[in-house]
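Q: what would the 3D arrangement of this be:
(2 chains)
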Amino acid sequence: MTISDEYLETFVVECRELLEQMEESLLAIEQDPTNSEILNAIFRAAHTIKGSAGLFGLEFIVEFTHIAESVLDRARSGEVIINSSLAALFIEVHDHLGNLVDLVVAGSEPSDELKAFGKRITNQLQVYLGGSGAEPEVHRPVVQQAKTEITAENKADIVASECWHISLRFGIDVFRNGMDPFSFVRCLYSLGEVVELVTIIDAIPSAEDLDPESCHLGFEISFRSDAEKIAIENVFNFVRSDCVIHILPPHSKISEYQDFIRDLPEQEMRLGEILIQCGTLTQEELDDVLLIQSVLTDDEPPRPIGEVLVQQQLVSPPVVEAALKKQEQVKEHKKTEANLIRVDADKLDELINLVGELIIAGAGTNLIARNAGMTNLMESTATLSRLVEEVRDSALALRMVQIGGTFNRFQRVVRDVSKELGKDIDLVISGAETELDKTVVEKIGDPLTHLVRNSMDHGIESADVRIARGKPAKGTLKLNAYHDAGSIVIEVNDDGGGLNKAKILSKAVERGLVAEGATLSDKEIYNLIFEAGFSTADAVSNLSGRGVGMDVVRRNIQALRGRIELDSNEGQGSTVRIRLPLTLAIIDGFMVGVGNTIFVIPLDMVVECIELRAWASDGGDGQYLNLRGEVLPYRRLRDYFETNGDIVQRENVVVVRYGEHKAGLVVDKLMGEFQTVIKPLGKLFSGEKSIGGFTILGNGEVALIVDIPGLMHQIEHEKEAGITAVTSLQHQNVT
Amino acid sequence: MPKNTKENNRIIIEGELTIYTVSELKDKLIAGLLTNEELEVDLSAVDEFDGAGLQLLIAMKQGAKALNRTLRLTGHSQAVLTLLALSGLESFFGDPLLSVQPKNEEEMA
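A: Numbering: from 1, shown residues only, chains lettered A, B, ... in the order given. Prediction:
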């Protein structure tokens, strides 16, 4: 079995998507077991996976999915009710399918262990199929069943036709396998009367494209017979494997017809034709209806054919609805299909890389034009750079994905963990449409999972404790995302017990993370749990697990040039806030000069620029500025980076903001905006926290990109160190 | 093997019009359609006719319509008539059937 890798890849991608949808639907159906929409979605996912797996000859997937699909089919016809245990079983089915798909990627066959797991699930599924897997309904006297249905149920729910309806779509190789579709029709005559037969020719390709030895025929047959279902099914024994066969008993439920209409492969069929093919209407009836419709158009606006049909009481409304829905679905499907293209992520990276080079080259041209003083050229480069800017934005937007997909995965995590812990926890998602770079999304999953699990495990209390504290028994976990100052903020919030400050502090002192007697703000205390020293489990009860791996989480976030912080209200819950840059590749920068060096500050973080003299009451030698009444810590970049060069008379302060912190950076020159392609620094500089990378200017010079979060962290650190020094000094004085 | 003769705008299919002959016949019929505004296909000598043959005729009929040309099926033999009746596609082809039937019966007699 050799399959082209490209197709197999598509198969795997599609399977994963379908499994994701399936999981979502499964979780939804637990809440709403009677919703047939959701049930159909699950069924369709299973059905499609089975179908595609069959194309690739992946028998182990087909076999397994087939059983699951059969159970789902029974659920759709109302023979099996989806309760929580069946839903849970299907979640296992979903997981097993996921494993099987992984095997396909690895190119291996299922291991014995996996087979045993699959076997266990199928055994459980068989129960829902009616004992040993035999189809009991086949042996029931069908005609009698139909009659009881008429009396028992509302007549509007069943189809009036007294005939079986048989729908056949023959496989492409039926002719080649030496079979003639019409021989089956002749066979049917031996069992009863073919009342109406419509040959479906919609699938036949145009004359030139037709391979006349391939079969594209189908039949819709209205069939009057007293035979049992199994006898009719047996007629098609030879073609069962490669044909689509639907056999609906007389007086089938309308819902079954609706499902059947949905399953039909034909596209864009006119409603009337569908109904004829279903044997619900005869040609004459339809002709009559069409006639009425054309007469009506003379003095009234034309009405949809469906409406006319219902009014004439020729078909029941639900059937029309299903047929219309099918038409809509076909159209919608086409629309989304046309709007989406799968693109290799590498190609996007390449594009963004090129756009980056384009920006650098554009800046070079701009510089030359300015130096040459050619106004025309300058004007044209200005237009050019505006366009390049737009290209950059749309190229970056290509990589932007909504975070909703990642968030939705947590429905499952929350469900599983809350069952495991025996807690009742609701997940509330907001800001799912917030977009961020795909690479960031991929890397944020693990840290988020960790945070969510921690919140559920150690944040949210058990139901009795919650009730005792006067909270609702059901805990709530919130995931939220929003954009703020050029970064994306992701919040994980729980309404649990919050953190115990005193315990954290004593723990931190014990571990030597904080000097004894140091005065720390609440925030500083909470954020101690991200310190590496806290990563042991034997800490205080309600934050035992919280410490575990929190330093790893923080490291992961920092690797994305992001930051993490924690807010907590004792007794009311805590919020972990992750702040990440929107993109990793290109930013709008603000160029500043210090001595002979040029620095770039991310423009999103720049709040304002002011002249140092105008604000600094102390001549600019202290560490704080009075910014309209606000205390603003500031640093001279010249001192900070120890740059040389002539000292200028008029220094400027660039006020930057990151999160809740503001700081001033004193620079010599303000040089304006500049599109910056971030190039990573070499390994040699990996220890440098205040420089995030470098970029190449139009004239070929190198400019360093200031990593504002890193720089602020350093400043904070110095401040803390200062405070600790002072307090420990005081401490010594006291003792 | 079926024999089929082509005289100007008329193709006569003889013998089988089945899965065994459709590939060959398809090319002939397409060529016929391309060279004639109006093509008549005489089916009076078809003694075997199956789903594949029917499918080919359907495709040809549709192809003719797409080219804005006319394809007429004439002299339907009993084999053709039976299957056409079974398929319920008589009206799709829209060719007069009954008028040729006596001729058929005459031949048979």
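
Q: secondary structure class for the closest residue to chain B within chain A?
A: With CB to the nearest CB as the measure, residue A:207 is the residue of chain A nearest to chain B, at 2.9 Å. C-beta coordinates here come from the backbone N, C-alpha and C atoms, glycine included. Recorded secondary structure, residue A:207: coil (DSSP: H, G, I helix; E, B strand; the rest coil).

Q: how about residue B:62?
A: Under three-state DSSP, residue B:62 comes out as helix.

Q: give me the neighbour count for it.
A: 18 (other CB atoms under 10 Å in any protein chain shown).

Q: likewise residue A:464?
A: Around residue A:464 there are 9 residues (other CB under 10 Å).

Q: ok, back up a step: just give the nearest non-adjacent residue to the residue of chain A closest to chain B, would you?
A: residue B:63 (2.9 Å; CB to CB, 6 or more residues apart in numbering or on different chains).

Q: so that neighbour sits against residue B:34, correct?
A: No - Residue B:63 is beyond contact range of residue B:34, at 9.8 Å (criterion: CB atoms under 8 Å).

Q: compare those two (neighbour count), which wins?
A: residue B:63 (22 against 11).

Q: check that one and give its pLDDT.
A: What the model reports as pLDDT for residue B:63 is 85.

Q: let me see the contact set for it.
A: Each residue near residue B:63 by CB atoms under 8 Å, 6 or more residues apart in numbering or on different chains is listed here: A:206-208, B:30, B:33, B:71.

Q: from those residues, pick the one nearest residue B:41.
A: residue B:71 (6.6 Å; CB to CB).

Q: residue contacts, the closest one?
A: So residue B:71 contacts B:33, B:39, B:41, B:60-61, B:63-64 (CB under 8 Å, 6+ apart).

Q: try it again at 6 Å.
A: When contacts are counted by CB atoms under 6 Å, 6 or more residues apart in numbering or on different chains, residue B:71 touches B:39, B:60-61, B:64.

Q: need the max-distance pair from those residues.
A: Most distant of the contacts of residue B:71, by CB to CB, are B:39 and B:61, 10.6 Å apart.

Q: pLDDT at the nearest residue to residue A:74 once chain neighbours are set aside, what is it?
A: Closest residue to residue A:74 apart from its sequence neighbours, by CB to CB, 6+ apart: residue A:80 at 4.4 Å. Each residue has a pLDDT score; the one for residue A:80 is 79.

Q: with the one 3 residues further on instead?
A: On pLDDT, residue A:83 comes in at 79.

Q: can you give me phi and psi for it?
A: phi -110, psi -180 (degrees, to the nearest 10).

Q: next one: residue A:69
A: phi -60, psi -40.

Q: so it sits right up against residue A:46, yeah?
A: Yes - at 4.6 Å, residue A:69 counts as touching residue A:46 under the criterion of CB atoms under 6 Å.

Q: kindly report the residues of chain B close to chain A.
A: With CB under 6 Å from any CB of the partner chain as the criterion, chain B meets chain A at residues B:19, B:22-23, B:26, B:50-52, B:55-56, B:58-60, B:63, B:83, B:86-89.

Q: domains in chain A, by residue range?
A: A:5-134, A:139-336, A:345-399, A:402-581, A:586-719 (automatic domain parsing).

Q: check those domains for me: which has the lowest mean pLDDT.
A: For these, where the average pLDDT is lowest is domain A:139-336, sitting at a mean of 66.

Q: before we move on, back to that, residue B:78: which of the domains of chain A is closest?
A: domain A:139-336 (14.7 Å).

Q: quick check: bridge partners of residue B:39?
A: Note on residue B:39: beta-bridge partners residue B:71, judged by DSSP bridges.

Q: ok, the residue nearest to residue A:207 to residue A:343 distance?
A: Separation of residue B:63 from residue A:343 (CB to CB, to the nearest Å): 38 Å.

Q: before we move on, the earlier item: pull the number of nearby residues for the residue of chain A closest to chain B.
A: Neighbours of residue A:207 using other CB under 10 Å come to 23.

Q: wouldn't it be in contact with residue B:59 here?
A: Yes - between residue A:207 and residue B:59 there is a contact under CB under 6 Å: 4.7 Å.

Q: closest point of chain B to chain A, which residue?
A: residue B:63 (2.9 Å).

Q: phi and psi next, for the closest residue to residue B:79 other than its chain neighbours.
A: Spatial nearest neighbour of residue B:79, chain neighbours left out: residue B:49 (4.3 Å); criterion: CB to CB, 6+ apart. Main-chain dihedrals, residue B:49, degrees, to the nearest 10: phi -140, psi 130.

Q: could you pull up the residues touching residue B:49?
A: B:17, B:79-80, B:83.

Q: for residue A:235, which non-adjacent residue is spatially closest?
A: residue A:187 (4.8 Å).

Q: keeping just the C-alphas, turn the helix or strand hosting the one you found into PDB.
A: Using DSSP states H and E, residue A:187 falls within helix A:181-189. The C-alpha coordinates for helix A:181-189 follow below in PDB (Å, rounded to 0.1, in the frame of the first residue of the first chain):
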ATOM      1  CA  PRO A 181     -27.400  -2.000 -12.500                       C
ATOM      2  CA  PHE A 182     -30.500  -2.900 -14.300                       C
ATOM      3  CA  SER A 183     -30.100  -6.600 -13.400                       C
ATOM      4  CA  PHE A 184     -30.800  -5.500  -9.800                       C
ATOM      5  CA  VAL A 185     -34.000  -3.800 -10.900                       C
ATOM      6  CA  ARG A 186     -35.100  -7.000 -12.600                       C
ATOM      7  CA  CYS A 187     -34.300  -8.900  -9.400                       C
ATOM      8  CA  LEU A 188     -36.500  -6.500  -7.500                       C
ATOM      9  CA  TYR A 189     -39.400  -7.500  -9.700                       C
END
